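Undergrad: Provide a 3D model corresponding to the input given below.
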Amino acid sequence: MTDKDLFVNTQEYLGKKVVLEGWIKNHRKQKEFGFISFSDGTYFTQIQIVYEKDLNNFDEIQKFRVGSAIRVEGEVVESPKEGQSFEIHANQVELLGDCPEDYPMQPKPHTREFLREQAYLRPRTNLFQAVFKVRSRAAFAIHEYFQDRDYVYLHSPIITAADAEGAGEMFQVTTLDLDRIAKDKKVDYSKDFFGRPASLTVSGQLQGEIFALAFKKIYTFGPTFRAENSNTKTHANEFWMIEPEIAFCDLEEDMNIMEDMLKYVVKYVLDHCKAELEFLNSFVEKGLIEKLEKLVSSNAVRITHHDAIKYLKESGKKFEFEPEYGEDLAREHEKYLTEEKFNSPVFVYDWPKDIKAFYMRLNEDKETVAAVDLLVPGSGELMGGSQREERLDVLNKRMDDLKMSKEELWWYLKLREYGGCVHSGFGMGFERLIMYLTGIENIRDVIPFPRTPGNCDF
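TA: Model (predicted):
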C-alpha cells in the first residue's frame with residue numbers, strides 16, 4: 001500500500017484497514033492524542049495520521065521525531081479537516097528508523113543554498129519533492145513523445161575523441177600517471193588507455209547523425225559535460241541533453257518538431273503533476289501554471305536573426321547590451337522579443353555563420369547558416385537546432401576556414417559520401433526545461449547532485 005494508492009482510489013479504501021511505511025514530516029502532540037504528517041514519497045500531498053491515548057505505546061509514539069521512518073496500521077476515514085478528503089486513524093504506529101533532534105530538514109523554511117549543502121537530504125523537502133517529480137514525469141514524456149512517433153533511442157557514447165561543438169571545453173579522460181607527466185613534462189598519448197586523447201562528450205549529435213542516416217529518426221537523451229568555468233545560475237558542468245536527428249528533414253520541419261515536442265511535454269506535465277505545479281505556483285513562481293498553459297495554446301512566431309536585430313533596434317528601448325547585426329542575442333533581447341514584441345514563443349533562424357557551429361548548413365547568401373533558436377517567455381532560449389551541412393565540399397571548406405582538424409572527424413566527412421541527404425536536428429538542455437517547468441531560477445536546484453566549478457560533492 002502506498003500514499004498514491006490512497007489518494008487515487010480514496011473512495012475504495014474508506015472504512016478499510018491499511019498498512020503504510022514512510023517518514024514523519026511533522027508531529028503535533030496533544031495530551032490525549034497526536035497528529036503525524038506522513039509521506040512515503042509516492043504522492044506529493046501528505047497524509048494525516050491521527051493516534052489516540054488508548055494505544056498501548058502512546059507515550060512512546062509521542063517521542064517519535066521528524067524524519068523518523070515509521071510503519072502505520074489504521075483505518076481510512078473521511079477527514080473533518082478542510083482541504084483533505086481522508087485521514088488515517090491509527091491502531092498501531094511502529095518506529096522503523098529513529099532520527100535525532102539535529103535532523104537538518106525540520107518543518108521550517110530553509111534557503112536553497114543551505115539545501116544544496118544537504119543534497120543527500122533535500123529530496124525530502126516539499127520543494128524538491130515537487131521539482132524531482134516534475135523532472136521524472138518530463139523525462140517520461142520525452143521518451144513517450146519520440147517512441148510514439150517511431151524514433152529510435154540511441155545511447156550515444158559518453159567517452160569520445162570528437163569535439164562536437166569545436167569549442168575545446170571538454171573534460172579529458174585518462175589513465176596516465178599525471179604526477180609522472182608533471183615531472184617528465186611531456187605526454188605520450190600512445191600509452192594512454194585509448195591510445196589517443198579522449199574526453200567526456202559535450203553532445204551526442206555527431207553520432208546521432210550516423211544513426212539518423214540509417215533509421216531516419218533517432219533521439220539521444222543522456223548526460224553531457226562542459227569544462228566551462230562558469231558560475232552562472234544557468235550553467236553546470238554536467239547536464240542532460242535531448243538531441244533528435246531526422247533524415248530528409250529541412251529547417252522548416254525541424255522547427256515544427258521542436259514546437260510540437262515542447263508543447264507535448266509541457267501538456268503532459270500539466271496533466272500529471274497538478275499537485276506539484278500548484279505548490280510551485282504558490283511558493284516559487286506566481287503565474288507558473290498560466291505561463292505553461294499559455295505556451296501549450298500559443299503558436300510560435302518565426303523571424304530571421306536579421307529581423308530580430310531590426311526589431312530590437314527599432315524598439316526604442318535602452319538595452320544594457322546594444323543589439324548588433326552579426327552578434328548573439330542577450331537575455332534582455334530574448335525577453336523583449338518574447339514578452340513585449342510578440343508575447344509568444346519565438347523562433348529566430350538564419351543566424352550569422354561566424355557565431356554558429358561548423359556543421360550547420362550554409363545558406364545561399366554565404367553569410368548565414370540554417371540554424372534556429374526557440375525562445376520562450378519567461379526563460380529565453382530553450383532549444384537550439386539546425387539543418388546539418390550535407391554537402392561534402394561545403395563542409396570541408398567550412399572546417400578549413402575554422403582551422404579544424406579533419407583527422408578525428410574523418411568518419412563524419414565520409415558519412416556525406418555514402419547516401420547523404422538533407423537532415424536536421426536540435427538539442428534541448430533538460431535542466432533548462434525543468435527550470436522552465438518549475439519556475440526554479442538556478443540550475444543547481446533542478447539536478448539531483450549539481451556539478452559546478454569547485455563542486456563535486458555527493
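
Undergrad: thought residue 218 was touching residue 154?
TA: Yes: proximity of residue 218 to residue 154 meets the contact threshold set by C-beta atoms under 8 Å, at 4.8 Å. Bear in mind the C-beta positions are built from the backbone N, C-alpha and C, glycine included.

Undergrad: Common neighbours of these two, please.
TA: 208, 211 (C-beta atoms under 8 Å, 6 or more residues apart in numbering).

Undergrad: Looking at those two now, which is surrounded by more residues?
TA: residue 218 (26 against 20; other C-beta atoms under 10 Å).

Undergrad: hang on, the more buried one in a helix?
TA: No: judged by DSSP: H, G, I helix; E, B strand; the rest coil, residue 218 forms no part of a helix; its state is strand.

Undergrad: got the contact list for it?
TA: By C-beta under 8 Å, 6+ apart, the contact list for residue 218 reads 151-154, 208, 211-212, 244-245.

Undergrad: and if you look at residue 65?
TA: Counting by C-beta under 8 Å, 6+ apart, residue 65 makes contact with 24, 27, 98-101, 103.

Undergrad: right, and out of the residues you listed, which lies closest to residue 365?
TA: Comparing the contacts of residue 65 against residue 365 with C-beta to C-beta picks out residue 103 as the nearest, at 63.2 Å.

Undergrad: Point me to the helix or strand that includes the residue nearest to the closest one when sequence neighbours are not counted.
TA: The shortest distance from residue 103 to any non-neighbouring residue, by C-beta to C-beta, 6 or more residues apart in numbering, is to residue 67 (4.1 Å). Assignment of secondary structure by DSSP states H and E places residue 67 within no helix or strand.

Undergrad: How about the one 4 residues further on?
TA: Per DSSP H and E, residue 71 falls inside strand 69-78.

Undergrad: Put the alpha carbons of that strand into PDB.
TA: The C-alpha atoms that make up strand 69-78 are tabulated as PDB, following Å, rounded to 0.1, in the frame of the first residue of the first chain:
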ATOM      1  CA  ALA A  69      10.800   6.100   9.500                       C
ATOM      2  CA  ILE A  70       7.600   4.500  10.800                       C
ATOM      3  CA  ARG A  71       5.100   1.800  10.000                       C
ATOM      4  CA  VAL A  72       1.400   2.700  10.500                       C
ATOM      5  CA  GLU A  73      -1.600   0.400  10.600                       C
ATOM      6  CA  GLY A  74      -5.000   2.000  10.800                       C
ATOM      7  CA  GLU A  75      -8.400   2.800   9.200                       C
ATOM      8  CA  VAL A  76      -9.100   5.200   6.400                       C
ATOM      9  CA  VAL A  77     -11.800   7.600   7.400                       C
ATOM     10  CA  GLU A  78     -13.300  10.800   6.000                       C
END
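
Undergrad: Contact partners for residue 424?
TA: Under the criterion of C-beta under 8 Å, 6+ apart, the neighbours of residue 424 are 245-246, 249-251, 253-254, 370, 385-388.

Undergrad: Tell me how far it lies from residue 223.
TA: 24 Å (C-beta to C-beta, to the nearest Å).

Undergrad: Poorly predicted segments of the protein, please.
TA: Judged against pLDDT under 70, the low-scoring parts of the chain cover residues 165-168.

Undergrad: Can you list phi and psi of residue 254 for me?
TA: Backbone dihedrals for residue 254, given as degrees, to the nearest 10, come out at phi -60, psi -40.

Undergrad: I'd guessed it sits against residue 423; true?
TA: No: under the contact definition of C-beta under 8 Å, residue 254 does not touch residue 423, with a separation of 9.3 Å.

Undergrad: the more surrounded of the two?
TA: Neighbours were tallied for residue 254 and for residue 423 using other C-beta under 10 Å; the higher tally belongs to residue 254 (26 against 22).

Undergrad: about what we covered before: now the two most distant members of the contacts of residue 424.
TA: Using C-beta to C-beta, the two most remote members of the contacts of residue 424 are 245 and 370, lying 14.6 Å apart.

Undergrad: Comparing the two, which shows the higher neighbour count?
TA: Comparing residue 245 with residue 370 by neighbour count (other C-beta under 10 Å), the higher total belongs to residue 245, at 32 against 23.

Undergrad: Report all helices and strands that the helix or strand where the more buried one lies contacts.
TA: Assigned by DSSP H and E, residue 245 belongs to strand 238-247. Contact analysis of strand 238-247 by 3 or more C-beta pairs under 8 Å, 6 or more residues apart in numbering; DSSP states H and E lists helix 205-215, strand 217-225, helix 251-272, strand 423-429, helix 430-438 as its packing neighbours.

Undergrad: All the helices of the stretch 101-250 of the chain, residue numbers only.
TA: Using DSSP state H, counting those that start in this stretch, the helices of the stretch 101-250 of the chain run over residues 112-117, 126-148, 178-184, 205-215.

Undergrad: Just give me how far the shortest one sits from the chain centre.
TA: Yep, that's helix 112-117 we're talking about. Using C-alpha atoms, centre = their mean, to the nearest Å, the mean C-alpha position of helix 112-117 is found 19 Å from that of the whole chain.

Undergrad: what comes into contact with it?
TA: Contacts of helix 112-117 from elsewhere in the structure, counted by C-beta under 8 Å, 6+ apart, are 122, 125, 127-128, 442, 444-445, 450.
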